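*Asks:* When you get a sec, could you give me coordinates for this:
(one chain, ligands or ions: 1)
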Amino acid sequence: MDSQEFREFGKAAVDYIADYFETIRERPVLPSVKPGYLGDLLPKEPPQTGESWQDVLQDVDRIIMPGLTHWHSPRFHAYYPTAHSFPAVVGEMLSAGFGCVGLSWIASPAYTELEVVMMNWLGKLLDLPEEFLNCSEGPGGGIIQGSASEVTFIGLLAAKEKKVKALMELNPDLKESDIKGKLVAYASDQSNSSVEKAGLLGSMPMRLLPANAEGKLTASTLLEAIRQDKNNGLIPCYVVACLGTTPTCAFDDLEELGPICNKEEIWLHVDAAYAGSAFACPEYRYLMKGVEFSDSFNFNPHKWMLVNFDCSAMWVKNAKYLVEAFNVQRIYLKDQHKGLAPEYRHWQISLGRRFRALKLWFVLKIYGVEGIQKHIRHQVDLAKYFEELVGRDKRFEVCTSSMGLVTFRLRGNDSLTQQLLEKVDDRKHIFVVAGRSDGKFVIRFAVCSRLTEKRDVDFSWEELLSQAEEIVPSKNK
Ligand code: PLP
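*Replies:* Presented below is the predicted three-dimensional model:
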């Protein structure tokens, strides 16, 4: 393909995306295809001779589009949002167009340099403590990773490195393997599946402690677990606190958990994957009070801050522990700019790095702080509106409401809500998923798409009502 054809293909693809977004509201949120559908639509062998880009785009429409779940439909309310905006899409496109791999500073200085500045902008946008920023005097700094899962795992590895070193310095007779076999990590049973996975991958048992009725890990529960483990000869090493849990968007109290971790010399990691974006709005920052006690902090601009997947922001108070955990040198990778710019490969798992900072820059530059705040506030308002609608119907109860997430159920036996969920998802007009709150089966309703408006919330509520009517007719209201 020459550059002239690329111009035509690229422009046609941009038109295709724009058309898709202009019609997305009218599409059923969930596809109707069955497993294996795609294999039947494609030849069994790759083509011998190349085909035209027009054929390729037609295939996208014929084969791919029917199998898409429309995450950006304003009637998609499942999971948590995955961010999307046109500036970020263009950022992705340019990054692919440049096609560099930022494996070191010299491998593409703009990659590292823009990331350093963007992580400072982002940290300031959230009002994170200065010591986490690249621009501070100290050893802290921020990096863009691929996912919150990756960050929680990286935090665990850094915590392990730090703890092993500290204990071996105190007692040189100790063996590294003996220490490693005794390390233990903690999070609440409301934490994301990725937290448990980090423990599995990092060979450190992750104790999932029972959260209270509000979905929070309390100080007394954590203290008791630490006490028990120490009595059994184990070494507490890593705590993952969550600001905005996946089931109900509950917030652990960092002012309670932080001092315990600091006193016990346990690495405190904060997982704010979804809700962290809300700290762009000063009125929500009270929920991250105590963040200064943490060693690492993470949120996903790719969830709620309009930056397309993947873009997961991680800050550490002391990058030394990452570098010590991940620094593997080769002659061809020689660091030439020690101290003047971070060599981000020592802060992450892979060697190669994408230019994720570009799309983040485009979003911050084009939306501005005000645009981002407006987006967050609008989505929270829509969730409050949904909560109000549910609250008006006596057949339903709102179980939790926090940020852009409402959980609710039909009063009575769990099976009623289960039936409602099945009926609604079968019809594919809206998409919601199950959850559990305080032991009860609930439906999670998240405001996800940046296109969602009040009329979409009305539509979704009517859809839920129409199906509830068949389970609990309104004469029983
Ligand atoms: N942490 C929380 C609280 C989440 O809600 C999620 C995903 O929804 C994750 C972590 C995992 O995020 P990622 O897909 O970026 O690994």
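*Asks:* The residue nearest to residue 85 when sequence neighbours are not counted and residue 45: what is the separation?
*Replies:* Leaving aside its sequence neighbours, residue 85 sits nearest to residue 306 (CB to CB, 6 or more residues apart in numbering; 4.1 Å). All C-beta atoms are positioned from the backbone trio N, CA, C, and that covers glycine. Distance of residue 306 to residue 45, computed by CB to CB, to the nearest Å: 41 Å.
*Asks:* Name the residue in these two with the higher neighbour count.
*Replies:* The neighbour comparison of residue 306 against residue 45 (other CB atoms under 10 Å) goes to residue 306, with 28 against 6.
*Asks:* Can you name every helix or strand that the lowest-mean-pLDDT helix or strand in the chain contacts?
*Replies:* Ranked by mean pLDDT, DSSP states H and E, the weakest helix or strand in the chain is helix 320-326, scoring a mean of 85. Helix 320-326 is packed against helix 148-170, with contacts defined by 3 or more CB pairs under 8 Å, 6 or more residues apart in numbering; DSSP states H and E.
*Asks:* and the helix it packs on, which residues are buried?
*Replies:* 148-164, 167 (16 or more other CB atoms under 10 Å).
*Asks:* ditto for stretch 407-418
*Replies:* Buried residues in stretch 407-418, counted by 16+ other CB under 10 Å: 407, 408, 409, 410, 416, 417, 418.
*Asks:* repeat for stretch 203-218
*Replies:* Across stretch 203-218, burial judged by 16+ other CB under 10 Å covers 204, 206, 207, 208, 209, 211, 215, 216, 217, 218.
*Asks:* That one close to the ligand?
*Replies:* No - judged by CB under 6 Å from any ligand atom, stretch 203-218 and the ligand are separated, with a smallest distance of 11.4 Å.
*Asks:* For that stretch, measure first residue to last.
*Replies:* 25 Å (CA to CA, to the nearest Å).
*Asks:* quick one: contacts of that stretch?
*Replies:* Surrounding stretch 203-218, the residues in contact under the criterion CB atoms under 8 Å, 6 or more residues apart in numbering are 156, 160, 180, 183-191, 195-196, 198-200, 221-222, 225, 229, 237-238, 240-242, 245, 247-248, 250-253, 256-257, 400, 437-438.
*Asks:* Cross these against helices and list the overlap.
*Replies:* 156, 160, 180, 195-196, 198-200, 221-222, 225, 229, 256-257 (DSSP state H).
*Asks:* Check those and tell me the two furthest apart.
*Replies:* Spatial extent of the ones in helices among the contacts of stretch 203-218 (CB to CB) is set by the pair 180 and 256 at 28.9 Å.
*Asks:* that older thread, pull out the buried members of the contacts of stretch 203-218.
*Replies:* The neighbour count (16+ other CB under 10 Å) marks 156, 160, 180, 183-188, 190-191, 195-196, 198-199, 221-222, 225, 229, 237-238, 240-242, 245, 247-248, 250-253, 256-257, 400, 437 as buried among those.
*Asks:* Of those residues, which ones also sit close to the ligand?
*Replies:* Intersecting those with the contacts of the ligand gives 242, 245 (criterion: CB under 6 Å from any ligand atom).
*Asks:* Would you mind listing what in the stretch 1-150 of the chain touches the ligand?
*Replies:* So far as CB under 6 Å from any ligand atom goes, the stretch 1-150 of the chain lies against the ligand at 80, 147, 148, 149.
*Asks:* go with 8 Å
*Replies:* For the stretch 1-150 of the chain, the contact set with the ligand under CB under 8 Å from any ligand atom comprises 79, 80, 146, 147, 148, 149, 150.
*Asks:* what does the stretch 251-400 of the chain give?
*Replies:* Checking the stretch 251-400 of the chain against the ligand by CB under 8 Å from any ligand atom, the hits are 271, 272, 273, 274, 275, 300, 302, 303, 309, 310, 312.
*Asks:* Select from those residues the one having the most neighbours.
*Replies:* The most neighbours of any of these, using other CB under 10 Å, belong to residue 271, which has 31 neighbours.
*Asks:* Next, the contact list for that one, please.
*Replies:* 148, 151, 152, 191, 192, 195, 240, 241, 242, 243, 298.
*Asks:* I'd like the distance between residue 238 and the ligand.
*Replies:* Using CB to the nearest ligand atom, to the nearest Å, residue 238 is found at 15 Å from the ligand.
*Asks:* Any idea how far the helix ranked longest in the chain is from the middle of the chain?
*Replies:* Ranked by residue count and defined by DSSP H, the top helix of the chain is helix 356-391. What separates the centre of helix 356-391 from the centre of its chain is 15 Å, taken as CA atoms, centre = their mean, to the nearest Å.
*Asks:* Stretch 8-15 now?
*Replies:* Centroid separation for stretch 8-15 versus its chain: 30 Å, with CA atoms, centre = their mean.
*Asks:* Touching it from outside, list them.
*Replies:* With CB under 8 Å, 6+ apart as the test, stretch 8-15 has contacts from 1, 53, 54, 56, 57, 93.
*Asks:* Send me whichever strand or helix holds residue 13 as PDB with only the CA atoms.
*Replies:* Taking DSSP states H and E as the criterion, residue 13 maps to helix 3-23. Extracted in PDB, the C-alpha atoms of helix 3-23 (Å, rounded to 0.1, in the frame of the first residue of the first chain):
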ATOM      1  CA  SER A   3       1.000   6.600   0.900                       C
ATOM      2  CA  GLN A   4      -1.800   7.700  -1.500                       C
ATOM      3  CA  GLU A   5      -3.800   4.600  -0.900                       C
ATOM      4  CA  PHE A   6      -3.100   5.000   2.800                       C
ATOM      5  CA  ARG A   7      -4.600   8.500   2.700                       C
ATOM      6  CA  GLU A   8      -7.800   7.200   1.100                       C
ATOM      7  CA  PHE A   9      -8.000   4.100   3.400                       C
ATOM      8  CA  GLY A  10      -7.300   6.200   6.500                       C
ATOM      9  CA  LYS A  11      -9.900   8.800   5.600                       C
ATOM     10  CA  ALA A  12     -12.500   6.200   4.800                       C
ATOM     11  CA  ALA A  13     -11.800   4.500   8.200                       C
ATOM     12  CA  VAL A  14     -12.200   7.800  10.000                       C
ATOM     13  CA  ASP A  15     -15.600   8.300   8.300                       C
ATOM     14  CA  TYR A  16     -16.500   4.800   9.200                       C
ATOM     15  CA  ILE A  17     -15.800   5.400  12.900                       C
ATOM     16  CA  ALA A  18     -17.700   8.800  12.800                       C
ATOM     17  CA  ASP A  19     -20.700   7.100  11.100                       C
ATOM     18  CA  TYR A  20     -20.600   4.400  13.700                       C
ATOM     19  CA  PHE A  21     -20.700   6.900  16.600                       C
ATOM     20  CA  GLU A  22     -23.500   8.800  14.900                       C
ATOM     21  CA  THR A  23     -25.700   5.700  14.700                       C
END
